[in-house]
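**Student:** Here is a sequence with its predicted model. Questions after.
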Amino acid sequence: MANSKSARKRVRTAERNRIRNKNAKSAIRTAIKRVHEAVTDAQGADTINERLSAAYGKIDGAILKGIMHKNSGSRYKSRLASAVNKAAAAK
């Protein structure tokens, strides 16, 4: 257990950030899953683009907050775009 006042504050701050990061990462995973579901279920292009845009927003928000590295975010976005483009080409 932390003994100094500053160390106790760091414990509180780290816990708050851990919860924030966990929620953001979970939201990103959910958004990505929704895009993949829309692609595999062959839903309309409007639905797919709407979900893709939402996923991009979640990823970009996490990058801005420092939750995710920018290269990781770019990789996620590239893979999502690739999956959507493959589905569009298959139709």
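**Tutor:** That came in fine, so what should we check first?

**Student:** What are the buried residues along the helix or strand hosting K9?
**Tutor:** K9 is part of helix 5-40, with elements assigned from DSSP states H and E. Judged by neighbour count (16 or more other Cβ atoms under 10 Å), helix 5-40 contains these buried residues: A24, A27, I28, A31, I32, R34, V35, H36, A38, V39. In short, each C-beta sits where N, CA and C put it, glycine included.

**Student:** and A62, how many neighbours?
**Tutor:** 21 (other Cβ atoms under 10 Å).

**Student:** Need the three-state assignment for the closest residue to it other than its chain neighbours.
**Tutor:** Excluding the flanking residues, the one nearest A62 by Cβ to Cβ, 6 or more residues apart in numbering is M68, at 4.2 Å. Here M68 is coil, with the state taken from DSSP: H, G, I helix; E, B strand; the rest coil.

**Student:** N3 too?
**Tutor:** When the rule is three-state DSSP, N3 gets the label coil.

**Student:** Could you tell me how far I19 is located from K9?
**Tutor:** According to Cβ to Cβ, to the nearest Å, I19 stands 16 Å off from K9.

**Student:** contacting residues around A42?
**Tutor:** Residues counted as contacts of A42 (Cβ atoms under 8 Å, 6 or more residues apart in numbering) are A87, K91.

**Student:** three-state assignment of it?
**Tutor:** coil.

**Student:** Pop out the phi and psi values for it.
**Tutor:** Taking degrees, to the nearest 10, you get phi 50, psi 50 for the backbone angles of A42.

**Student:** Find the residue at the geometric middle of the protein.
**Tutor:** I28 (2.5 Å; Cα atoms, centre = their mean).

**Student:** What strand or helix carries the nearest residue to that one once chain neighbours are set aside?
**Tutor:** Computed as Cβ to Cβ, 6+ apart, the closest residue to I28 that is not its neighbour in sequence is K58, at 4.9 Å. Secondary structure from DSSP H and E places K58 in helix 45-64.

**Student:** who does that helix touch, helix- and strand-wise?
**Tutor:** helix 5-40, helix 70-90 (3 or more Cβ pairs under 8 Å, 6 or more residues apart in numbering; DSSP states H and E).

**Student:** how about K65, what does it touch?
**Tutor:** R20, A24.

**Student:** Having no further points to raise, I will conclude here.
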